[in-house]
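Asker: model this:
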Amino acid sequence: MPRMDSLNELPFPPLAAAAREAEPSAIEREVIALYGQFRDPLLRYALSLDLPVHDAEEVIQEVFLSLFRHLQLRRSRAHLRGWLFRVAHNLGLKQLYVNQRSNAKTTPDWARAMEQLDPSPDPEEELLSAQRHHRLQAVVQALPENDQHCLRLRAEGLRYREIAAVLGMSLGAVSISLTRSLARLARADGR
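Answerer: Got it, this is the predicted structure:
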(Lines give C-alpha, C1' and ligand atoms only; values in the text may rest on other atoms or scores of the structure.)
Protein backbone atom coordinates (compact mmCIF):
# COMPACT_ATOMS: atom_id res chain seq x y z
CA MET A 1 0.00 0.00 0.00
CA PRO A 2 1.45 3.41 -0.93
CA ARG A 3 2.46 5.82 1.83
CA MET A 4 0.18 8.88 2.21
CA ASP A 5 1.60 12.10 3.62
CA SER A 6 -1.60 14.13 3.89
CA LEU A 7 -5.35 13.82 4.09
CA ASN A 8 -5.60 14.91 0.45
CA GLU A 9 -3.84 11.71 -0.62
CA LEU A 10 -6.46 9.37 0.89
CA PRO A 11 -7.59 6.90 -1.78
CA PHE A 12 -11.22 8.02 -1.70
CA PRO A 13 -11.86 11.79 -2.03
CA PRO A 14 -15.07 11.73 0.11
CA LEU A 15 -13.09 10.11 2.96
CA ALA A 16 -10.42 12.79 2.67
CA ALA A 17 -13.07 15.53 2.93
CA ALA A 18 -14.71 13.80 5.91
CA ALA A 19 -11.36 13.45 7.68
CA ARG A 20 -10.60 17.14 7.18
CA GLU A 21 -14.05 18.05 8.54
CA ALA A 22 -13.46 15.92 11.64
CA GLU A 23 -10.68 18.26 12.76
CA PRO A 24 -12.08 21.18 14.76
CA SER A 25 -11.55 24.62 13.29
CA ALA A 26 -9.74 27.37 15.17
CA ILE A 27 -13.09 28.91 16.12
CA GLU A 28 -14.38 25.57 17.39
CA ARG A 29 -11.23 25.08 19.46
CA GLU A 30 -11.59 28.58 20.91
CA VAL A 31 -15.26 28.03 21.79
CA ILE A 32 -14.39 24.69 23.42
CA ALA A 33 -11.65 26.36 25.47
CA LEU A 34 -13.97 29.19 26.53
CA TYR A 35 -16.68 26.66 27.38
CA GLY A 36 -14.29 24.85 29.70
CA GLN A 37 -13.31 28.13 31.34
CA PHE A 38 -16.71 29.83 31.70
CA ARG A 39 -19.40 27.12 31.78
CA ASP A 40 -19.52 26.76 35.57
CA PRO A 41 -19.50 30.50 36.42
CA LEU A 42 -22.15 31.16 33.75
CA LEU A 43 -24.27 28.28 35.01
CA ARG A 44 -24.02 29.55 38.60
CA TYR A 45 -25.08 32.99 37.42
CA ALA A 46 -28.01 31.59 35.42
CA LEU A 47 -29.10 29.56 38.46
CA SER A 48 -28.86 32.68 40.63
CA LEU A 49 -31.60 34.17 38.43
CA ASP A 50 -33.89 31.45 39.89
CA LEU A 51 -33.96 29.41 36.71
CA PRO A 52 -34.52 25.68 37.10
CA VAL A 53 -31.38 23.67 36.38
CA HIS A 54 -32.57 22.36 33.01
CA ASP A 55 -33.45 25.89 31.83
CA ALA A 56 -30.12 27.28 33.08
CA GLU A 57 -28.25 24.56 31.19
CA GLU A 58 -30.18 25.37 28.01
CA VAL A 59 -29.37 29.06 28.46
CA ILE A 60 -25.68 28.20 28.72
CA GLN A 61 -25.89 26.11 25.53
CA GLU A 62 -27.50 29.07 23.77
CA VAL A 63 -24.76 31.37 25.08
CA PHE A 64 -22.06 29.23 23.52
CA LEU A 65 -24.00 28.82 20.26
CA SER A 66 -24.24 32.61 20.16
CA LEU A 67 -20.52 32.84 20.84
CA PHE A 68 -19.79 30.46 17.96
CA ARG A 69 -21.92 32.56 15.61
CA HIS A 70 -20.34 35.75 16.96
CA LEU A 71 -16.83 34.47 16.25
CA GLN A 72 -17.79 33.02 12.86
CA LEU A 73 -18.99 36.46 11.80
CA ARG A 74 -15.59 37.81 12.85
CA ARG A 75 -17.06 40.17 15.41
CA SER A 76 -15.02 41.66 18.21
CA ARG A 77 -13.15 39.33 20.52
CA ALA A 78 -12.54 42.10 23.06
CA HIS A 79 -14.06 41.60 26.50
CA LEU A 80 -15.46 38.12 25.76
CA ARG A 81 -16.01 37.36 29.47
CA GLY A 82 -18.30 40.36 29.85
CA TRP A 83 -19.97 39.53 26.54
CA LEU A 84 -20.66 35.96 27.69
CA PHE A 85 -22.22 37.13 30.96
CA ARG A 86 -24.30 39.78 29.17
CA VAL A 87 -25.68 37.17 26.76
CA ALA A 88 -26.33 34.76 29.68
CA HIS A 89 -28.06 37.56 31.60
CA ASN A 90 -30.30 38.49 28.68
CA LEU A 91 -31.15 34.91 27.75
CA GLY A 92 -31.74 34.05 31.42
CA LEU A 93 -34.18 36.93 31.85
CA LYS A 94 -35.92 35.95 28.63
CA GLN A 95 -36.29 32.38 29.91
CA LEU A 96 -37.67 33.66 33.23
CA TYR A 97 -40.24 35.67 31.33
CA VAL A 98 -41.21 32.58 29.31
CA ASN A 99 -41.52 30.55 32.53
CA GLN A 100 -43.67 33.21 34.16
CA ARG A 101 -45.87 33.52 31.09
CA SER A 102 -46.49 29.79 31.08
CA ASN A 103 -47.19 29.88 34.83
CA ALA A 104 -44.32 27.50 35.44
CA LYS A 105 -43.26 27.63 39.08
CA THR A 106 -39.51 28.17 39.22
CA THR A 107 -37.63 26.90 42.20
CA PRO A 108 -34.44 28.52 43.46
CA ASP A 109 -32.21 25.50 42.81
CA TRP A 110 -29.14 27.66 43.41
CA ALA A 111 -30.25 28.29 47.01
CA ARG A 112 -30.57 24.57 47.70
CA ALA A 113 -27.20 23.93 46.08
CA MET A 114 -25.58 26.65 48.20
CA GLU A 115 -27.04 25.15 51.40
CA GLN A 116 -25.52 21.77 50.58
CA LEU A 117 -22.02 23.17 50.02
CA ASP A 118 -21.26 23.78 53.73
CA PRO A 119 -22.29 20.78 55.85
CA SER A 120 -21.23 21.24 59.47
CA PRO A 121 -20.71 18.26 61.76
CA ASP A 122 -21.83 20.12 64.91
CA PRO A 123 -25.65 20.56 65.09
CA GLU A 124 -25.34 23.92 66.89
CA GLU A 125 -22.93 25.27 64.31
CA GLU A 126 -25.16 23.89 61.60
CA LEU A 127 -28.18 25.70 63.05
CA LEU A 128 -26.28 28.98 63.44
CA SER A 129 -24.91 28.68 59.92
CA ALA A 130 -28.37 27.95 58.50
CA GLN A 131 -29.88 30.91 60.37
CA ARG A 132 -27.12 33.20 59.10
CA HIS A 133 -27.52 31.90 55.57
CA HIS A 134 -31.29 32.45 55.61
CA ARG A 135 -30.87 35.92 57.11
CA LEU A 136 -28.35 36.93 54.42
CA GLN A 137 -30.39 35.29 51.70
CA ALA A 138 -33.45 37.28 52.83
CA VAL A 139 -31.41 40.48 52.64
CA VAL A 140 -30.25 39.63 49.11
CA GLN A 141 -33.80 38.79 48.02
CA ALA A 142 -35.05 42.09 49.49
CA LEU A 143 -32.53 44.06 47.40
CA PRO A 144 -33.76 45.71 44.21
CA GLU A 145 -33.34 43.46 41.18
CA ASN A 146 -30.43 45.42 39.68
CA ASP A 147 -28.60 45.32 43.03
CA GLN A 148 -29.06 41.54 43.13
CA HIS A 149 -27.67 41.20 39.60
CA CYS A 150 -24.68 43.42 40.42
CA LEU A 151 -23.93 41.43 43.57
CA ARG A 152 -24.17 38.05 41.83
CA LEU A 153 -22.00 39.14 38.90
CA ARG A 154 -19.40 40.52 41.32
CA ALA A 155 -19.50 37.21 43.19
CA GLU A 156 -18.62 35.53 39.87
CA GLY A 157 -15.51 37.70 39.69
CA LEU A 158 -16.58 40.26 37.12
CA ARG A 159 -15.04 43.73 37.42
CA TYR A 160 -17.20 46.81 37.88
CA ARG A 161 -16.70 47.81 34.23
CA GLU A 162 -17.79 44.34 33.05
CA ILE A 163 -20.84 44.41 35.33
CA ALA A 164 -21.77 47.82 33.93
CA ALA A 165 -21.53 46.45 30.38
CA VAL A 166 -23.54 43.32 31.19
CA LEU A 167 -26.37 45.21 32.89
CA GLY A 168 -26.26 48.37 30.77
CA MET A 169 -25.55 50.57 33.80
CA SER A 170 -23.03 53.30 34.41
CA LEU A 171 -19.85 52.48 36.29
CA GLY A 172 -20.94 54.82 39.09
CA ALA A 173 -24.33 53.10 39.38
CA VAL A 174 -22.61 49.71 39.73
CA SER A 175 -20.32 51.09 42.43
CA ILE A 176 -23.22 52.62 44.37
CA SER A 177 -25.28 49.44 44.00
CA LEU A 178 -22.50 47.19 45.29
CA THR A 179 -21.59 49.54 48.14
CA ARG A 180 -25.23 49.75 49.23
CA SER A 181 -25.74 45.96 48.93
CA LEU A 182 -22.57 45.06 50.82
CA ALA A 183 -23.45 47.54 53.59
CA ARG A 184 -26.88 45.92 53.99
CA LEU A 185 -25.31 42.47 54.12
CA ALA A 186 -22.73 43.60 56.69
CA ARG A 187 -25.49 45.11 58.91
CA ALA A 188 -27.55 41.93 58.66
CA ASP A 189 -24.48 39.88 59.54
CA GLY A 190 -23.84 41.98 62.65
CA ARG A 191 -20.59 43.49 61.43
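
Asker: Please count neighbours and contacts with C-alpha atoms only from this point.
Answerer: Fine.

Asker: Go ahead and flag the most central residue of the protein.
Answerer: Leu42 (1.3 Å; C-alpha atoms, centre = their mean).

Asker: Centre of the chain to the helix or strand in which Gln131 is found, how far?
Answerer: Element membership of Gln131, judged by DSSP states H and E, is helix 123-142. Centroid separation for helix 123-142 versus its chain: 24 Å, with C-alpha atoms, centre = their mean, to the nearest Å.

Asker: buried ones in the next helix or strand after that helix?
Answerer: Note on helix 123-142: by DSSP H and E, the next helix or strand toward the C-terminus is helix 145-155. Using 16 or more other C-alpha atoms under 10 Å as the test for burial, helix 145-155 gives 147-154.

Asker: Which is the succeeding secondary structure element to helix 145-155?
Answerer: Downstream of helix 145-155, the first helix or strand assigned by DSSP H and E is helix 160-167.

Asker: which helices and strands sit right next to that next one?
Answerer: When contacts are defined as 3 or more C-alpha pairs under 8 Å, 6 or more residues apart in numbering; DSSP states H and E, helix 160-167 packs onto helix 80-101, helix 145-155, helix 171-188.

Asker: Tabulate those in CSV, adding columns for distance to Gln72.
Answerer: Shown next, in CSV, are these (distance: least, C-alpha to C-alpha, whole Å):
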stretch, distance to Gln72
helix 80-101, 14
helix 145-155, 27
helix 171-188, 31
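
Asker: wait, which of the ones you listed is closest to Ala130?
Answerer: helix 171-188 (14.0 Å; C-alpha to C-alpha).

Asker: Taking helix 123-142 as reference, get the angle to that closest one.
Answerer: Relative orientation of helix 171-188 versus helix 123-142 (axes from the mean of the first three to the mean of the last three C-alpha atoms, to 10 degrees): 150 degrees.

Asker: where's helix 171-188 relative to the chain centroid, distance-wise?
Answerer: Remark: helix 171-188 is offset 22 Å from the chain centroid, using C-alpha atoms, centre = their mean.

Asker: by contact count, what packs against it?
Answerer: helix 123-142, helix 145-155, helix 160-167.

Asker: buried sites along that helix?
Answerer: Those would be 174-175, 177-178, 181, 184-185, for helix 171-188 by 16+ other C-alpha under 10 Å.

Asker: Could you list the low-confidence segments of the chain?
Answerer: Across the chain, the ranges flagged by pLDDT under 70 are 1-22, 103-122, 191.

Asker: Break it down into its structural domains.
Answerer: By the assignment in automatic domain parsing, the chain contains the domains 23-106, 121-191.

Asker: picking up where we left off before, can you list the buried residues of helix 145-155 in TSV and add distance to His133?
Answerer: Converted to TSV, those look like this (distance: C-alpha to C-alpha, whole Å):
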residue	distance to His133
Asp147	18
Gln148	16
His149	18
Cys150	19
Leu151	16
Arg152	15
Leu153	19
Arg154	19
